[in-house]
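> Please work out how this folds:
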Amino acid sequence: PVSQKEIDRNNNIYYHHQGNRNPFVDHPEYVALIWNTTPDTEAPSTPTNLAASNPSNTTIDLDWTASTDNIGVASYDIYIDAVFYI
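Numbering: from 1, shown residues only. You can find the predicted model right below:
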């Protein structure tokens, strides 16, 4: 938990100096999201219904049904012929 001293300091900086706030003081739950203090031991589901559209020489649009996970899905990795691409 964030101490009252830290909350007061954050408010002082906001109101009297910089005009911005520390989001980690206002929302300490962000720390767990960023630093992942709870280990994720369950793999997400595999995305389904992959569809490619609008191909050109340099781009292609990809759509799929999103994965689900008990904690959350942060990003997707794209592979072409088993080689990491993005």
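> Quick check: buried residues in the helix ranked longest in the chain?
For the chain, the helix with the greatest residue count under DSSP state H is helix 4-16. The neighbour-count check on helix 4-16 (16 or more other Cβ atoms under 10 Å) flags Asn10 as buried. C-beta coordinates here come from the backbone N, C-alpha and C atoms, glycine included.
> Repeat that for stretch 74-86.
By neighbour count on 16+ other Cβ under 10 Å, the buried set for stretch 74-86 is empty.
> mean confidence score for that stretch?
Stretch 74-86 shows a mean pLDDT of 87.
> the strands in this structure, which residues?
Secondary structure of the chain (DSSP state E): strands at 48-53, 61-65, 79-80, 83-84.
> Gln4: which of these is closest?
Proximity to Gln4 (Cβ to Cβ) singles out strand 61-65 among the strands of the chain, at 45.8 Å.
> for the closest one, packing partners?
Applying 3 or more Cβ pairs under 8 Å, 6 or more residues apart in numbering; DSSP states H and E, one finds that strand 61-65 contacts strand 48-53.
> For the strand it packs on, give the mean pLDDT please.
Rounded mean pLDDT across strand 48-53 is 96.
> Let me see the domain layout of this protein.
Here the domain assignment for the chain is 4-35, 48-84, based on automatic domain parsing.
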